[in-house]
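quick one, structure for this:
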Amino acid sequence: MAAASGRGSDFLFSGGRRLDLVSFLSAGDGSPCILYFHGNGEVACEHDWLAQLYNTEGISLFVADYRGYGLSDGVPSFASVTADAHSICSFFLEKVRPSGNGVPLFVMGRSLGSHCAVELAYHYPERFQA
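Residues are numbered from 1 along each chain as shown. From the prediction side, this is the model:
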């Protein structure tokens with residue numbers, strides 16, 4: 001993660017669709033990082049206020065839009081949101097732990113996003129502290 005606070009934006013492709021990824025970085029390398037899946041009717045770029053709360057506590061927040069949300073292409077469905085969660089997780093892990101450093105990682109979801117969080121916690125329990 002970057003050493004300075006800030007907001008980054010990336011795109012990745014899942015199932016032939018572009019997904020918008022927004023990362024809110026905290027004040028330092030090695031800080032805990034949350035992969036956050038938002039609820040229905042929300043988009044990643046609306047989470048500036050939430051990121052500020054976590055960043056104040058020295059925690060990084062990484063938020064992504066599913067297919068059909070925000071700047072992401074496609075149409076959302078249960079299957080596509082689930083597939084997107086795995087693609088987003090892979091990208092997140094590569095970005096946050098490029099050299100296998102010991103950054104504490106957490107996965108969290110709200111409403112619709114809770115399905116993604118549980119899906120990833122089930123499939124990758126060794127990757128997340130909670």
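
go through the top helix by length along the chain and flag the buried ones.
Secondary structure of the chain per DSSP state H: the longest helix is helix 78-96. Neighbour-count burial for helix 78-96, counted by 16 or more other Cβ atoms under 10 Å, picks out 80-81, 83-85, 87-89, 91-93, 95-96. For glycine as for every other residue, the C-beta is placed from the backbone atoms N, C-alpha and C.

output the contacting helices and strands for that helix.
strand 6-14, strand 17-25, strand 33-37, strand 60-64, strand 105-109, helix 112-123 (3 or more Cβ pairs under 8 Å, 6 or more residues apart in numbering; DSSP states H and E).

what's the mean pLDDT across the third one?
On average, the pLDDT along strand 33-37 is 92.

how about L71, what does it touch?
F11, R18, D20, C45, D65 (Cβ atoms under 8 Å, 6 or more residues apart in numbering).

repeat that for 7 Å
D20, D65 (Cβ atoms under 7 Å, 6 or more residues apart in numbering).

element containing it?
Following DSSP states H and E, one finds L71 outside all helices and strands.
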